[in-house]
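Enquirer: Show me the folded form of this:
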Amino acid sequence: MVAANFILSADAQYEKAKANVWGAAPAIDINRLPEDEKRRFTELPRHPAVIDPAALSEKALPELHPDWISAIEKGWQENVAK
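Expert: So this is what the prediction gives:
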């Protein structure tokens, strides 16, 4: 739990979001952070290989219905995992 709390902390997520470290979008909702923390994330330059979150959300699809999980797992086992 200590490791999970650290990994999901604003400081760790900020470090991961730096373009020269990982460049990935944070795994936390920055809108729930205090304004100074939120600004720190929004002012961070995005790596050119990382898609703009707004553009990405426009193309987002809803999660699959749970009934599909069995069929996907079966197809994976039959067609990929062999």
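Enquirer: okay, CA-based contacts and neighbour counts for the rest of this
Expert: Noted.
Enquirer: And what about the spatially most central residue of the chain, helix, strand or coil?
Expert: Within the chain, one residue has its C-alpha closest to the average C-alpha position: by CA atoms, centre = their mean, that is residue 27, at 4.5 Å. Three-state secondary structure (criterion: DSSP: H, G, I helix; E, B strand; the rest coil) places residue 27 in coil.
Enquirer: Low-confidence bits of this protein, can you list those?
Expert: Nowhere does the chain drop to pLDDT under 70.
Enquirer: what's the offset of the longest helix along the chain from the middle of its chain?
Expert: Across the chain, the longest stretch assigned as helix under DSSP state H is helix 68-79. Remark: helix 68-79 is offset 25 Å from the chain centroid, using CA atoms, centre = their mean, to the nearest Å.
Enquirer: quick one on the thing from earlier: can you name the residues that contact the residue nearest to the centre of the chain?
Expert: Residues in contact with residue 27 (CA atoms under 8 Å, 6 or more residues apart in numbering) are 8, 13.
Enquirer: Quick one: the helices in this protein, in order.
Expert: Taking DSSP H, the helices of the chain run over residues 2-7, 10-17, 35-42, 53-58, 68-79.
Enquirer: Can you say which of those is packed in most?
Expert: Taking mean count of other CA atoms under 10 Å as the contact definition, the stretch among these with the greatest mean neighbour count is helix 10-17, which reaches a mean of 18.
Enquirer: Could you figure out how far that helix is turned away from helix 35-42?
Expert: If you take axes from the mean of the first three to the mean of the last three CA atoms, to 10 degrees, helix 10-17 sits at 10 degrees to helix 35-42.
Enquirer: list the helices and strands helix 10-17 packs on?
Expert: In terms of contacts (3 or more CA pairs under 8 Å, 6 or more residues apart in numbering; DSSP states H and E), helix 10-17 is not packed against any helix or strand.
Enquirer: and residue 9, how far is that from residue 57?
Expert: For residue 9, the distance to residue 57 equals 23 Å [CA to CA, to the nearest Å].
Enquirer: who's in contact with residue 23?
Expert: 16, 17, 46, 47, 50.
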